[in-house]
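Trainee: Could you look at this predicted model? Sequence included:
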Amino acid sequence: MTGIRMPPELKEKIQREAQINGRSLNLEIVDRLKRSPERRSTEGANRYVTEQSVKPNDYTPEFTDLERQLLSIFRRLPVEKQLALISLFK
């Protein structure tokens, strides 16, 4: 186990993200570290990319906390409920 020092604001942000994703702080940090080599940045080190195969000129939206929470809830729904919800927006 490695102790990590970080600013309190960063820790709070990661804890909030961990809660949204249904993970502990430790699991959130480990997941982010595992995925970090796969991420590409288009406008700086703090911008997360939402797709793995992004071309340099592609649009890469940043999600708000609410959007991340809604996406997390949506992903936990059974497939038939996901499809029913999608059909409401069509």
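Mentor: That came through, no problem.

Trainee: and P37, how many neighbours?
Mentor: Counted with other C-beta atoms under 10 Å, residues neighbouring P37 total 6. To be clear about C-beta, it is placed using only N, CA and C from the backbone, and glycine gets the same treatment.

Trainee: same deal with A84?
Mentor: When neighbours are defined as other C-beta under 10 Å, A84 has 11 of them.

Trainee: host element of it?
Mentor: Element membership of A84 [criterion: DSSP states H and E] is helix 79-89.

Trainee: Can you pull up the most central residue in this protein?
Mentor: Nearest to the geometric centre of the chain sits R68, at 6.4 Å (C-alpha atoms, centre = their mean).

Trainee: any idea how far A18 is from that residue?
Mentor: 11 Å (C-beta to C-beta, to the nearest Å).

Trainee: how about the spatially closest residue to M6 that is not a sequence neighbour, what does it touch?
Mentor: Sequence neighbours aside, I14 is the residue nearest to M6 in space, at 7.9 Å (criterion: C-beta to C-beta, 6 or more residues apart in numbering). Residues near I14 by C-beta atoms under 8 Å, 6 or more residues apart in numbering: 6, 25, 28-29, 32.

Trainee: pLDDT wise, what is I14 at?
Mentor: Turning to I14, the model gives it a pLDDT of 88.

Trainee: What residues of the helix or strand where Q15 lies count as buried?
Mentor: Per DSSP H and E, Q15 falls inside helix 8-20. Neighbour counts over helix 8-20 (16 or more other C-beta atoms under 10 Å) mark 17-18, 20 as buried.

Trainee: Quick one: distance of it to the chain centre.
Mentor: Put simply, helix 8-20 sits 12 Å off its chain's centre (C-alpha atoms, centre = their mean, to the nearest Å).
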